[in-house]
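Undergrad: attaching a predicted model along with its sequence, questions to come.
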Amino acid sequence: MLKKIILLGATGSIGNSALRLLRKNKNLYHLIGVSAHNNAKLLSEIVNEFNVQNVVLSDCKNVNEYYGIHQLKVGSLELKNLAKLDCDIVISGITGLSGLYPAYEAISSGNDLAIANKEPLVAAGQIFMNKVKQTGAKILPVDSEHSAIFQCIQYNDNLDFITLTASGGPFLNYDIDSLDNVTPEMALNHPVWDMGDKISIDSATMFNKALEIIEASVLFDLTYEKIDVVIHPQSIIHGLVHYKDGSILANLGYPDMITPLSVALSWPDRVDLNLKKIKLTDIGNLTFIEPDYKKFPALNLGWEVLKNNKLSPIVLNAANEIAVKLFLENKIKFTSIFKLVSEIIDIYQPSDALTIDEVIYIDNIARLKSIDYFNRKL
C-alpha cells in the first residue's frame with residue numbers, strides 16, 4: 001500500500017527536494033495534501049502534476065493566480081486542518097516559526113512528522129516531545145545533521161556525546177574585520193547547499209548551528225555538554241555519535257536533502273535513490289576545523305541557552321528571525337545580527353512556556369523588543 005504523504009511548504013527548497021523524492025518513488029508514496037504560503041502558480045503546477053486533492057494557500061494575497069485542478073482552501077486555519085488529515089507522515093518544510101502550529105496539529109492528531117525546519121522544536125521542544133508521548137506519533141528529523149545522528153544512534157544507547165558538522169558557510173576563510181562589509185548577496189551564496197534565504201543567512205552567521213544544538217538536545221534528550229560542533233567544509237560527514245567504548249559511528253553522503261527525506265519517510269527501510277555514490281579515493285582528504293567563536297559568536301548561543309535556563313530559546317529564535325529580515329532588507333549590518341539577538345535574550349527572559357499559545361505570546365513580545373532595539377540602537 002502506498003504511504004500517504006502531506007507536504008507543508010511544497011514550493012520551498014525542502015518542498016522541491018521532497019517532490020524529487022516522490023517523483024523517483026511513485027510506487028511507494030501518494031501525495032494527498034500540499035500547502036504553500038503565497039506561490040499560487042507553483043502550487044498549481046504541483047497539484048496538477050501529482051493530482052493532489054487537499055490544497056491550501058496560507059496567504060490569500062495571490063489566490064487569483066491558482067489554476068490547480070482541485071479546490072483551493074485558504075488561510076492559517078485551513079493549514080492546520082490540512083496537517084490533521086489522516087496520513088502516514090507529514091513533511092514540515094515551512095520556514096521559521098510559521099510552521100509551529102501545523103507541525104503541532106500533525107503530531108496532536110497522531111500523524112508522524114518529518115520535520116525539516118528547526119524553529120518549532122527550538123521554541124517548543126518539550127511541548128512537542130510531551131505531545132508525542134501522549135499520541136504515539138513519531139518525530140523524524142530531516143535536517144541532514146540530525147538525520148545523521150538519528151541513523152547512528154539506533155544501535156546502542158551507551159553514547160558518550162555527539163558531533164554536529166558545519167560547512168562553515170561562505171565566510172569560513174574571511175578575515176573577521178571584513179564581516180562588517182558583508183552584503184545579503186554575499187551571505188546568500190552558500191558554497192555547498194542550495195537553501196532558502198533565511199537558512200542561508202543562518203548558515204553564514206552560524207546561527208543555524210546554534211539552533212541545531214538546541215534541536216539536538218530536544219530530539220535526543222541530551223544535555224549541552226553532550227553536543228559538540230566541528231567545521232567540516234566538504235559536508236561529506238553529516239554527524240557522528242561517540243560511544244563510551246571509544247568507537248564512533250558516522251553518517252556520510254554527498255550533500256543532498258533528498259537522502260534525509262527518504263530516511264524519514266521510509267525508516268527503518270532504505271530506498272534506492274540512484275544518487276551519486278561516494279568513492280573514498282575520489283574524495284581524497286576530509287578536513288575538520290575547530291570553530292572560530294570570535295568570528296562566529298552566534299554559535300555559542302546554542303550552548304548558552306541550554307546551560308542557562310533564564311535564557312529563552314523562543315526569544316533567541318524570534319530575535320534572529322527579525323534580525324535576518326532586517327539584514328536582508330539592508331537595514332542592519334551582517335555583524336549586527338548577533339548584536340541584536342544577544343541583546344534581546346539578555347533583556348527579555350520570560351518564564352518557560354507550557355502551551356503553544358504561550359510560545360506564540362513570548363515570540364511576539366520578543367519580536368516587538370527586537371524591532372524596538374533596532375529603532376533605538378541600530
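TA: Arrived safely, thanks for sending.

Undergrad: please count neighbours and contacts with C-alpha atoms only from this point.
TA: Noted.

Undergrad: what residues sit buried inside stretch 183-195?
TA: Pro184, Ala187, Leu188, Asn189, His190, Val192, Asp194, Met195 (16 or more other CA atoms under 10 Å).

Undergrad: may I ask which two of these are separated the most?
TA: Pro184 and Val192 (17.0 Å; CA to CA).

Undergrad: picking up where we left off before, reformat the buried residues of stretch 183-195 as TSV; add pLDDT, distance to Pro255 and secondary structure.
TA: Output for the buried residues of stretch 183-195, formatted as TSV (pLDDT from 0 to 100; distance: CA to CA, whole Å; DSSP: H, G, I helix; E, B strand; the rest coil):
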residue	pLDDT	distance to Pro255	secondary structure
Pro184	96	23	helix
Ala187	94	19	helix
Leu188	94	17	coil
Asn189	90	16	coil
His190	85	12	coil
Val192	79	7	coil
Asp194	76	10	coil
Met195	82	12	coil
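
Undergrad: can I get these in JSON lines with distance to Lys24?
TA: Converted to JSON lines, these look like this (distance: CA to CA, whole Å):
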{"residue": "Pro184", "distance to Lys24": "34"}
{"residue": "Ala187", "distance to Lys24": "32"}
{"residue": "Leu188", "distance to Lys24": "29"}
{"residue": "Asn189", "distance to Lys24": "28"}
{"residue": "His190", "distance to Lys24": "27"}
{"residue": "Val192", "distance to Lys24": "23"}
{"residue": "Asp194", "distance to Lys24": "20"}
{"residue": "Met195", "distance to Lys24": "21"}
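
Undergrad: going by distance to Gly239, which of those wins?
TA: Among the buried residues of stretch 183-195, Val192 lies closest to Gly239 (CA to CA), at 16.0 Å.

Undergrad: all the strands of this structure, residue numbers only.
TA: 3-8, 29-36, 54-57, 72-74, 89-92, 112-115, 139-141, 159-166, 227-231, 237-243, 248-252 (DSSP state E).

Undergrad: packed most tightly, which of those would that be?
TA: Using mean count of other CA atoms under 10 Å, the stretch among those with the largest mean neighbour count is strand 89-92, at a mean of 28.

Undergrad: which neighbours does it have in its sheet, and in what orientation?
TA: strand 3-8 (parallel), strand 112-115 (parallel) (DSSP bridges).

Undergrad: may I have that strand exported as PDB, CA atoms only?
TA: What follows is strand 89-92 as a C-alpha-only set of coordinates in PDB (Å, rounded to 0.1, in the frame of the first residue of the first chain):
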ATOM      1  CA  ILE A  89       3.500  11.200   7.600                       C
ATOM      2  CA  VAL A  90       3.500  15.000   7.300                       C
ATOM      3  CA  ILE A  91       6.600  16.700   5.900                       C
ATOM      4  CA  SER A  92       7.100  20.100   7.500                       C
END
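
Undergrad: pull out the buried residues from stretch 323-339.
TA: Neighbour-count burial for stretch 323-339 [16+ other CA under 10 Å]: 323-328, 332-338.

Undergrad: could you dump those residues into TSV and include distance to Tyr293?
TA: Below are the buried residues of stretch 323-339 laid out as TSV (distance: CA to CA, whole Å):
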residue	distance to Tyr293
Ala323	19
Val324	20
Lys325	23
Leu326	23
Phe327	21
Leu328	23
Ile332	21
Lys333	19
Phe334	16
Thr335	13
Ser336	16
Ile337	15
Phe338	12
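
Undergrad: okay, and which of those residues map to helices?
TA: Ala323, Val324, Lys325, Leu326, Phe327, Leu328, Ser336, Ile337, Phe338 (DSSP state H).

Undergrad: and those residues, which is closest to Gly75?
TA: Of these, the one sitting nearest to Gly75 (CA to CA) turns out to be Lys325, at 22.8 Å.
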